[in-house]
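A.B. asks: Sequence and predicted structure below; questions after.
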Amino acid sequence: MITRSQPQSYTLADIADRFGCLLNGSPDTLVNTVGTLENGTPNAISFLANPLYRKQLSSTCAGAVVISSDEAARCPVPTLVNENAYATYARIADFLCPQNAPQPGVHITAVVAEGSEIPKSCQIEANVVVGEGSHLGDGVVIGPGCLIGANVKIGKGSRLVGHVTVLDNVIIGKRTLIHPGAVLGSDGFGFAPDNGRWIKVPQIGNVVIGDDVEIGANTTIDRGTIDDTIIENGVKLDNQIQIAHNVRVGEHTVIAGLTGVAGSTKIGKCCIIGGGVGIIGHLNIDDEVKINARSLITKSLKGPGTYSGGLPAEEVSRWRKQVVLFRKLSGKNR
């Protein structure tokens, strides 16, 4: 479980100086937490990054608001002006509400195989199993109920929150965060047809996770059939995502929940993929591609741009009329 340290108070002048903001308002105001525009209290810092929340800005009681210069005049409380308000807020939130440092030690109920390497700075919680030959870097935290297979490597400062399964030979980089229920290194879905039956294809590749990756709850990443499944540095995966065998996800790509990526597809760097997207196998998605939610991708996407598929919801009678018109256009009305 991720726990946060007890709050410590700072002046707005301290915050502005530390995070490169222009302060408008009392420099001596004390803050020690964060909050929303709607529910923020005088000791909390909030933010405005989406104009949809301007109405809440006008009545906020937060101690200060992180905001861009073109919105600052609308704010009734002190402002911390920065043109990248959302990212600045994220850094401030992490500063005011930091995670607790690891509490070194191995819980009495943990099972650690001989031949594994666990530095004294690691935190191994209850009912963890660590397989033979596995190596953990300094400051790694393994939460309760995690299964770490044989010959696994986990880099310095990474954290498995709890009930994470990491199967044999998987490699995880530094400062990676993996949420409960994630499974790394399960067999890919590979079967060869043979006279009406299916013959299992051995999945002998690996899973390699880079540095500064985040993997959401119940996300599954299958090992490669022969070559490895690779998640590059800085990738962020939401909850309940399926990454099939031999997929490669490029640096700093983000993928929202319920998306499935079929085998051997290559996704470029800095892509943004919405929720519920389906990507069939053996495709190439170029760098800086954006895919809107609920799209089905059936061919490779060349060059940066935004791609969309699927039909947004309509009032039911309007939707039925559109279906009738579509059938007429396609010549299939009966």
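C.D. replies: Good, I have the coordinates.

A.B. asks: Residue ranges in this structure under the pLDDT threshold?
C.D. replies: In the predicted model, the chain carries pLDDT under 70 at residues 1-5, 332-334.

A.B. asks: how does it divide into domains?
C.D. replies: 10-96, 111-307 (automatic domain parsing).

A.B. asks: and these as a markdown table, adding mean neighbour count?
C.D. replies: (C-beta placed from N, C-alpha, C; glycine too.) Output for the domains of the chain, formatted as a markdown table (neighbours: other Cβ atoms under 10 Å):
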| stretch | mean neighbour count |
| --- | --- |
| domain 10-96 | 17 |
| domain 111-307 | 19 |
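
A.B. asks: Would you map the helices across the stretch 51-200 of the chain?
C.D. replies: With DSSP state H, counting those that start in this stretch as the criterion, the stretch 51-200 of the chain has helices at 54-57, 85-96.

A.B. asks: would you list the domains of the chain in CSV and tack on distance to Gln322?
C.D. replies: Putting those into CSV (distance: least, Cβ to Cβ, whole Å) gives the following:
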stretch, distance to Gln322
domain 10-96, 27
domain 111-307, 17
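
A.B. asks: now for those, which one comes closest to Val324?
C.D. replies: Closest to Val324 of those is domain 111-307 (Cβ to Cβ; 22.6 Å).

A.B. asks: now do the same end-to-end measure for that closest one.
C.D. replies: Start and end residues of domain 111-307 are separated by 48 Å (Cα to Cα, to the nearest Å).

A.B. asks: now that domain: how far from the chain's centre is it?
C.D. replies: Mean C-alpha position of domain 111-307 versus that of the full chain (Cα atoms, centre = their mean, to the nearest Å) differs by 11 Å.

A.B. asks: What of stretch 295-309?
C.D. replies: 21 Å.

A.B. asks: And for that stretch, what's in contact with it?
C.D. replies: Identification of contacts with stretch 295-309 by Cβ atoms under 8 Å, 6 or more residues apart in numbering yields 274, 277-280, 283-292, 294, 310.

A.B. asks: before we move on, the earlier item: reformat the helices of the stretch 51-200 of the chain as a markdown table; add distance to Val324.
C.D. replies: Shown next, in a markdown table, are these (distance: least, Cβ to Cβ, whole Å):
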| stretch | distance to Val324 |
| --- | --- |
| helix 54-57 | 39 |
| helix 85-96 | 43 |
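
A.B. asks: So which of the ones you listed is nearest Thr11?
C.D. replies: Here helix 85-96 is closest among the helices of the stretch 51-200 of the chain (Cβ to Cβ), at 12.4 Å.

A.B. asks: which strands and helices sit next to that closest one?
C.D. replies: Judged by 3 or more Cβ pairs under 8 Å, 6 or more residues apart in numbering; DSSP states H and E, the packing partners of helix 85-96 are helix 12-19, strand 33-34, strand 44-47, strand 64-67.

A.B. asks: so which of these gets nearest Arg318?
C.D. replies: strand 44-47 (37.1 Å).

A.B. asks: Direction included, what does that closest one pair up with?
C.D. replies: Looking at strand 44-47 with DSSP bridges, its partner strands are strand 33-34 (parallel), strand 64-67 (parallel).

A.B. asks: Out of these, which gets nearest to Pro27?
C.D. replies: strand 64-67 (10.6 Å).

A.B. asks: ok so, going back, export the helices and strands packed on helix 85-96 as JSON lines, with columns for distance to His252.
C.D. replies: Converted to JSON lines, those look like this (distance: least, Cβ to Cβ, whole Å):
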{"stretch": "helix 12-19", "distance to His252": "22"}
{"stretch": "strand 33-34", "distance to His252": "25"}
{"stretch": "strand 44-47", "distance to His252": "22"}
{"stretch": "strand 64-67", "distance to His252": "23"}
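
A.B. asks: Lovely, talk soon.
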